[in-house]
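> the following comprises the amino acid sequence and a computationally predicted model.
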Amino acid sequence: MSAFKKALLFCHRWLGFISGLVVFIVSITGCIFCFQDEIQDAMHSYRTVENTGKPYVEPSQLISEVKKAYPKASPDYIYYYGVERPAGVLANKGAEGYEYVYLNPYTGKIIHHETPQTNFFIIVEYIHLYLLLPPAIGKWVVGVAVIIFMVIMITGLILWWPKRKSDRKRSFTIKWGGRWRRVNYDLHNVLGFYATSIALILSISGLAIAFEPVSRAIYNTANIGRGIKYQDEVSEPKSDSLKRSGVAAKPVVDVAFAYARQQSPKAQMFLIHNDPTLSGAIGVGAYPKSLHYANASGYEFDKYNGKLLKTYALEKKSPGLRLNEMNYDIHVGQIGGVTTKIIAFIASLICASLPVTGFIIWLGKRKKSGAKNNKVRKAVHHKTHKRALQAGV
């Protein structure tokens, strides 16, 4: 083995020791989360409603129902998930945390409520993102481990790649009939090779969700030569509390929602941010597919008088912004439907297995090396003892 590959092997092995446990946890939780929507739909009847064909009730009615149940809560976010799905309100209860309230979008009646921290998949998500550590610390622990894992994947690919063409066919398959150590070796190398490209995509998209500099780098790379400034495109307008003239006759949140539905009639899902404590405007996101967060159009309104302040039309968004808004769907594998979810699930499962199979390989080589050294010691002892006897010692 060349000095270069020895250095790579050293980095590959020790970086694996450093990041292995975190990579295993993040990958396993990623597997579980891939199909969380499908699993929850099967488990909970409140996640579907009958499509009556009637118009949705207005957001202000949903807010009113939630305020009746939780008088001190602030309904910061309102969700219309689709014609056969409930509406949802995320109610901020201050020091008590949040309450997630599901309502029938055609009647406005509450059908279920829960504290997000008690939802199994929310817990899984927090483990995936922060390892249940404080977010400011956890995201860095996970982020550094993911970056190390990306380096491990690349170094592993270089170390494994067969030199001779004649060896490539054999190197791309697992020798299931071999001894268990050989099967484990193949599982580590062959599956690692097949998962590398998907694992790198999942890693980069995850880093982009967690760290703005990464998402901004993706944005700038996709927009090279376009002369578009990141802040100009993504900055949210502010409502002006000094200009309250022309106050809307209806609640502004209703005006905003009606306008978004008119401008995006084919959208299946709408998300409304309505945090009264912020100086920002009321915003509505219109999404083409329910529970998918890519390819959205957005509308921002002055929360005092309902004036339209800014439009984020899908067709006018830069490639960089579109790519950034695909990060979640890419990361959980739903960007291409069930097929890409399955691919992401399998790739995540393989990633979880790599620290385990890698450790077994290292352990086997260590034992083999120890056994070899022991044989050498016995041989030397035997020869020395024999010579001593011949010399009459």
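Looks like it arrived, so ask away.
> element containing V144?
Per DSSP states H and E, V144 falls inside helix 135-160.
> enumerate the positions of that helix that are buried.
Neighbour counts over helix 135-160 (16 or more other CB atoms under 10 Å) mark 138-139, 142-143, 145-150, 152-153, 155-156 as buried. C-beta: built from backbone N, CA, C; applies to glycine.
> for that helix, name the packing helices and strands.
Contact analysis of helix 135-160 by 3 or more CB pairs under 8 Å, 6 or more residues apart in numbering; DSSP states H and E lists helix 3-34, helix 120-130, helix 180-210 as its packing neighbours.
> closest to W160 out of these?
helix 180-210 (4.8 Å; CB to CB).
> low-confidence ranges, the protein, go.
1, 165-169, 241-249, 276-279, 366-393 (pLDDT under 70).
> outline the domain layout of it.
The chain breaks down by the TED database into domains covering 1-45+121-216+335-392, 50-105+229-317.
> where along the stretch 201-350 of the chain do the helices fall?
For the stretch 201-350 of the chain, the helices defined by DSSP state H, counting those that start in this stretch cover 212-222, 230-234, 252-263, 319-325, 327-331, 338-390.
> roughly how far does I198 sit from G20?
Distance of I198 to G20, computed by CB to CB, to the nearest Å: 19 Å.
> L314 too?
In terms of CB to CB, L314 sits 41 Å off from G20.
> next one: K289
Taking CB to CB, one finds K289 at 37 Å from G20.
> do the same with R85
From R85 to G20 the distance is 39 Å (CB to CB).
> repeat that for L309.
Counting by CB to CB - L309 and G20 are separated by 49 Å.
> G82 now?
Counting by CB to CB, the gap from G82 to G20 is 40 Å.
> before we move on, what about T173?
For T173 relative to G20 (CB to CB), the value is 26 Å.
> ok, now I343?
23 Å.
> ok, L8 touching T155?
Yes - using CB atoms under 8 Å, L8 is in contact with T155, at 4.8 Å.
> so what's F211 closest to, chain neighbours aside?
Distance criterion CB to CB, 6 or more residues apart in numbering; nearest residue to F211, sequence neighbours excluded, is G143 at 6.3 Å.
> show me what contacts the residue nearest to P135 when sequence neighbours are not counted?
Excluding the flanking residues, the one nearest P135 by CB to CB, 6+ apart is L129, at 7.4 Å. Shown in contact with L129 (CB atoms under 8 Å, 6 or more residues apart in numbering): P135, G138, K139, V142, A210.
> so which of these would you say is closest to N51?
Of these, the one sitting nearest to N51 (CB to CB) turns out to be A210, at 36.6 Å.
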